[in-house]
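Visitor: A predicted structure for the sequence below; I have some questions about it.
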Amino acid sequence: MAKCIIPADGDRKEIVIYSRYIESINAFLTDPLTDSTVDPAQVKTRRHSGGPRRRGPSDQNPINVPAHDVRYLYDPSLKSGNALPGFSFILKTDLEFADIDMQRSFTMTGTVVDFQQYFNEKMKYDTFYYPSIGGRHKLLPTPLQGGG
């Protein structure tokens with residue numbers, strides 16, 4: 001699970017975008033975002049205390065368990081459960097002006113206004129932005145520099 005954090009700037013609040021793969025959001029952008037969960041998974045160890053344990057609710061003779069070490073996998077990109085914070089949205093290229101048909105869904109925290117203001121004119125293609133909490137918005141591609 002990729003998590004991209006766009007820090008607050010002035011009146012604009014922080015925007016956090018969650019996607020399955022970082023390449024999904026970067027396919028739409030001229031300047032790629034970076035994944036903030038790039039830390040690799042690692043194996044950690046902790047000490048589990050010993051003491052008497054019952055084998056079940058009706059066990060009358062508990063057993064004594066010695067203290068021991070427990071190994072577990074710590075993955076910073078792992079989400080517990082299916083719920084992601086925020087609301088979902090879809091980015092879809094406008095086929096009237098784009099030569100490629102792409103559609104991807106994401107989840108984000110932040111406001112629709114902040115998202116639109118930040119990403120307008122940062123897209124590779126004319127793109128429709130469909131937030132689950134409002135109407136369709138159009139995001140324009142990055143203007144060409146210079147000119148003939």
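Guide: Nice, thanks for sending it over. None of the values given here were measured: they were computed from a predicted structure. Numbering: from 1, shown residues only.

Visitor: Look at stretch 48-67 and report the distance between its end residues.
Guide: 6 Å (Cα to Cα, to the nearest Å).

Visitor: before we move on, what about stretch 32-47?
Guide: 42 Å.

Visitor: so what's residue 16 closest to, chain neighbours aside?
Guide: residue 109 (4.6 Å; Cβ to Cβ, 6 or more residues apart in numbering). Backbone N, C-alpha and C define where each C-beta goes, glycine included.

Visitor: how about the helices in this structure?
Guide: 22-26, 112-119 (DSSP state H).

Visitor: In the chain, which residue is most central in space?
Guide: residue 18 (1.7 Å; Cα atoms, centre = their mean).

Visitor: number of nearby residues for the nearest residue to residue 50 once chain neighbours are set aside?
Guide: Nearest residue to residue 50, sequence neighbours excluded (Cβ to Cβ, 6+ apart): residue 67, at 3.8 Å. Applying other Cβ atoms under 10 Å, we find 9 residues neighbouring residue 67.

Visitor: Quick one: residues contacting residue 90.
Guide: By Cβ atoms under 8 Å, 6 or more residues apart in numbering, the contact list for residue 90 reads 103-106, 128-130.

Visitor: Against residue 36, how distant is the residue nearest to the centre of the chain?
Guide: 10 Å (Cβ to Cβ, to the nearest Å).

Visitor: and the gap between the nearest residue to residue 95 once chain neighbours are set aside and residue 28?
Guide: Once flanking residues are discounted, residue 95 sits nearest to residue 101: 5.9 Å by Cβ to Cβ, 6+ apart. Distance, residue 101 to residue 28, using Cβ to Cβ: 12 Å.

Visitor: what residues are shared contacts of the two?
Guide: residue 93.

Visitor: Which one of these two is surrounded by more residues?
Guide: For the pair residue 101 and residue 28, the greater number of neighbours falls to residue 28 (21 against 10), based on other Cβ under 10 Å.
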